[in-house]
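Colleague: Got a sequence here, can you build the structure:
(2 chains)
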Amino acid sequence: MNAPTDEQLLADYLRGDEAAFELLVRRHVRELHQFAMRFTNDAPAADDVVQDTLMQLHASAEKFDPKRRFKPWLFTITANKARDYLRRRTRRREVPIDASTGSDKSGGQRFVELFEATSVAPDEGLLVEEKRRLVKQVISEMPTRLSEVLILAYYHRFPYRDIGEIVDAPLGTVKSRLHAAVANFGEQYKLAVAELERKRSTS
Amino acid sequence: MNEDRTTPEERLLDLHLDRLDDEQRVLVETELQQDAAMQEKSQRLGRILKPLDYWQPAAATDRLADRILDTIRGQQLPGIIKMQPESIDAYRPRFLQFRDLAAVAACVLLLVGVFVPGLSAVRSRSQRAACANNLGSIFRGTSIYQEVFAGSLPFAGQAPNAMWLPSSDSSRPFASNSRHSYLLVKGGYGPTAKNFICPSDDTAVPMVVDDFTTRKDFTRAANISYDALNLCSGGGPGDASKLRPRKSLVYMGDSNPLFTNAKFNPAVNADVTNSLAHGRGGQTLLTLDGAARWAKSPLVGPNQDNIWLAGTIRNYTGSESRSGTNDVQLIPGLPTGDVAAHDAAAHDVGAGNPGVE
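Modeller: Got it, this is the predicted structure:
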């Protein structure tokens, strides 16, 4: 027997089946938490974001449009909560995405430059833990509009269409943001590696 | 795929992010095989994306789910909201009447007649894509292992004088080649037991997770569909503890057709025979640059090396090693559970293992 779909579980919950809601929570809590962790780079904040998301799901489940798919909808709520958290935390400046990472136009210059020989960071001398720390740093410093697309595409393997739904952007914009995000990551990671190597050599 | 609307670089990104359907993937992989510059770009992009794999946040525990559920119950948040009956019906199948069943049956018959031949091809391509995904996961684990162990491939230690095929010679211990790649599973470097199962291999079953920590190898041959680079050479050129392999070296792939049921089959023509996986039309191969590609011949690479053979050797007893560091031979893993007659296999070949933390 096939496991019930998310949409079936939500419908069951709306008919009064609390167990269906619990199953939905347990099914998605891990992936939501990973998403929130990468989005906020803060474990307690990720817990809060996931909790807020699931509480909103509990309270507002009737707003779900049965014509849509559940999972992108759930991630939309999570992304909104995570963005709210980031705004509250830092009120950080949003860098226009075409400032250093290409524009929203597909195939921005930076993305093409990414394939040049000098674009690859020489990180062979770094420990795994050092690389992990640099990746966290680079993604957390990336403009939110880019980092969210990169996280959804790379780590969660969402199709472009679902990402568009989650970040509320048309397909072309999603693609160009992903290109810009990859270019931004490649560029900033290379700079971060160089900075770490420089600090090492001077210490 | 509409190639007019995407640049080669965009297609490469989609390939690396698994965003292509089977047909698109085959097209891009064909492009890659024919265009050395694109191959180079693909490798660069792979190296740019690779660091992202290092950030794997700790998984949330069940306690988070418990806490959230308790909070919801404790706060007595607005209860279950009743949905309108017509909306509920969207999820519920209604009982079918006879005419509905007849219509469905007719449609099914029509679709079967029209699409079954095509479905077979789609299924085949889908299996190849899933196979490449498996090998991609194994590559990522191998990369992390290499980071930890100074560039060495997963290596469970040498077994002096050992054979990689079961032998009647009781003076020669048996040492399965699969014990090396098993380190990726046991050490938690990323690939799961399922990643070692080719989707076209109907007889294979993933190893049971509970057995991971107590064993030094897969439980049985059915747990590993893929054959790997011959590393059972006793300090010869295949000694992975010293190996700094060329990035284009084939490391793993679909099974070598020269060996079936733990025996060498001399009747197979190694020059023209593909792996028995995927309908003998070719084999998925993983190279150490991270590419998992479909090859329609066992002769691969710039030197047309035959991946089924060690050098030019044509007959195998299980003692043969590769002819040099650039030679590739994929050999089967035969975990000791399948060669009970060879108790020598129980020797602790992993003792003093330089590859285990």
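Colleague: Leaving out the residues flanking it, which one is nearest to residue B:225?
Modeller: When the adjacent residues along the chain are set aside, residue B:225 lies closest to residue B:198, with 3.6 Å between them (C-beta to C-beta, 6 or more residues apart in numbering or on different chains). Every C-beta, even on glycine, is put in place using the N, C-alpha and C of the backbone.
Colleague: show me the contacts for residue B:293.
Modeller: Contact analysis of residue B:293 by C-beta atoms under 8 Å, 6 or more residues apart in numbering or on different chains lists B:29, B:32-33, B:132, B:284-285, B:287.
Colleague: And residue B:177, by the same measure?
Modeller: By C-beta under 8 Å, 6+ apart, residue B:177 lies in contact with B:164, B:227-228, B:230-232, B:331-334.
Colleague: wait, isn't residue B:136 in contact with residue B:292?
Modeller: Yes: Residue B:136 is in contact with residue B:292 according to C-beta atoms under 8 Å; the separation is 5.2 Å.
Colleague: who has more neighbours, those two?
Modeller: For residue B:136 versus residue B:292, neighbours defined as other C-beta atoms under 10 Å in any protein chain shown are more numerous around residue B:292 (22 against 19).
Colleague: Tell me the bridge partners for the more buried one.
Modeller: With DSSP bridges as the criterion, residue B:292 is bridged to residue B:286.
Colleague: quick one: average pLDDT of stretch A:126-142?
Modeller: Confidence over stretch A:126-142 (mean pLDDT, whole number) is 90.
Colleague: again but with stretch A:13-28, I slipped
Modeller: Averaged across stretch A:13-28, the pLDDT comes to 88.
Colleague: Let me have the contacts of residue B:177 in JSON lines, extended by distance to chain A.
Modeller: Converted to JSON lines, the contacts of residue B:177 look like this (distance: C-beta to the nearest C-beta, whole Å):
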{"residue": "B:164", "distance to chain A": "31"}
{"residue": "B:227", "distance to chain A": "28"}
{"residue": "B:228", "distance to chain A": "23"}
{"residue": "B:230", "distance to chain A": "27"}
{"residue": "B:231", "distance to chain A": "23"}
{"residue": "B:232", "distance to chain A": "28"}
{"residue": "B:331", "distance to chain A": "30"}
{"residue": "B:332", "distance to chain A": "31"}
{"residue": "B:333", "distance to chain A": "27"}
{"residue": "B:334", "distance to chain A": "32"}
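Colleague: Just the ones of the residues you listed in helices?
Modeller: In helices, judged by DSSP state H, none of the contacts of residue B:177 are found.
Colleague: of the residues you listed, the lowest pLDDT goes to which?
Modeller: Out of the contacts of residue B:177, that is residue B:232, at 72.
Colleague: count of neighbours near that residue?
Modeller: Applying other C-beta under 10 Å, we find 27 residues neighbouring residue B:232.
Colleague: residues touching the closest residue to it other than its chain neighbours, list them.
Modeller: Spatial nearest neighbour of residue B:232, chain neighbours left out: residue B:164 (4.1 Å); criterion: C-beta to C-beta, 6+ apart. By C-beta under 8 Å, 6+ apart, the contact set of residue B:164 is B:174-177, B:230, B:232, B:318-319, B:331, B:334.
Colleague: Quick one: which of the residues you listed is the most crowded by neighbours?
Modeller: Going by other C-beta under 10 Å, residue B:176 tops the contacts of residue B:164 with 33 neighbours.
Colleague: Need the three-state assignment for it.
Modeller: Three-state call for residue B:176 (DSSP: H, G, I helix; E, B strand; the rest coil): coil.
Colleague: Dihedrals phi and psi, it?
Modeller: For residue B:176, the backbone dihedrals are phi -70, psi 140 (criterion: degrees, to the nearest 10).
Colleague: wait, doesn't it sit right on residue B:331?
Modeller: No: taking C-beta under 8 Å as the definition, residue B:176 is not a contact partner of residue B:331, at 9.6 Å.
Colleague: How many neighbouring residues does the closest residue to residue A:23 other than its chain neighbours have?
Modeller: Using C-beta to C-beta, 6+ apart and skipping the chain neighbours, the partner closest in space to residue A:23 is residue A:9 (5.7 Å). Per other C-beta under 10 Å, the neighbour tally for residue A:9 reads 22.
Colleague: Now the strand or helix carrying residue A:9: buried residues?
Modeller: Here residue A:9, judged by DSSP states H and E, is contained in helix A:6-14. Within helix A:6-14, the residues scored as buried using 16 or more other C-beta atoms under 10 Å in any protein chain shown are A:6-7, A:9-14.
Colleague: Check which element follows it along the chain.
Modeller: The first helix or strand that comes after helix A:6-14 along the chain, using DSSP H and E, is helix A:18-40.
Colleague: Now do that next one and helix A:6-14, the angle between them.
Modeller: 120 degrees (axes from the mean of the first three to the mean of the last three C-alpha atoms, to 10 degrees).
Colleague: roughly how far is helix A:18-40 from the heart of the chain?
Modeller: Centre-to-centre, helix A:18-40 and its host chain are 14 Å apart (C-alpha atoms, centre = their mean, to the nearest Å).
Colleague: and the longest helix seen in chain A, what does it pack onto?
Modeller: When chain A is parsed with DSSP H, its longest helix is helix A:171-202. Packing partners of helix A:171-202 (3 or more C-beta pairs under 8 Å, 6 or more residues apart in numbering or on different chains; DSSP states H and E): helix A:109-113, helix A:128-141, helix A:144-150, helix A:160-167, helix B:8-16, helix B:36-49.
Colleague: average pLDDT across it?
Modeller: pLDDT averaged over helix A:171-202 gives 90.
Colleague: cool, and stretch B:173-189?
Modeller: Stretch B:173-189 carries an average pLDDT of 87.
Colleague: Would you mind measuring the gap between the ends of that stretch?
Modeller: Taking C-alpha to C-alpha, to the nearest Å, the first and last residues of stretch B:173-189 lie 29 Å apart.
Colleague: If you count neighbours, what's buried in that stretch?
Modeller: Of all the residues in stretch B:173-189, those buried under the rule 16+ other C-beta under 10 Å are B:173-187, B:189.
Colleague: same thing with stretch B:313-333?
Modeller: Within stretch B:313-333, the residues scored as buried using 16+ other C-beta under 10 Å are B:316, B:318-323, B:327-333.
Colleague: Kindly report the same for stretch B:293-308.
Modeller: Neighbour count says stretch B:293-308 has B:293-295, B:298, B:300-301, B:305-308 buried, by 16+ other C-beta under 10 Å.
Colleague: ok, back up a step: pick the one among the buried residues of stretch B:313-333 closest to residue A:159.
Modeller: Among these, residue B:330 lies closest to residue A:159 (C-beta to C-beta), at 34.3 Å.
Colleague: re the thing from before, okay, and the common contacts of residue B:136 and residue B:292?
Modeller: Taking C-beta under 8 Å, 6+ apart as the criterion, residue B:136 and residue B:292 both touch residue B:286.
Colleague: which residues does the residue nearest to residue A:23 contact?
Modeller: Contacts of residue A:9 (C-beta under 8 Å, 6+ apart): A:20-21, A:23-24, A:27.
Colleague: Likewise for residue B:208?
Modeller: The contact partners of residue B:208, by C-beta under 8 Å, 6+ apart, come to B:193, B:219.
Colleague: On the pLDDT front, check it for me.
Modeller: The model's pLDDT for residue B:208 equals 76.
Colleague: Pull up the gap between it and residue B:262, please.
Modeller: Counting by C-beta to C-beta, to the nearest Å, the gap from residue B:208 to residue B:262 is 22 Å.
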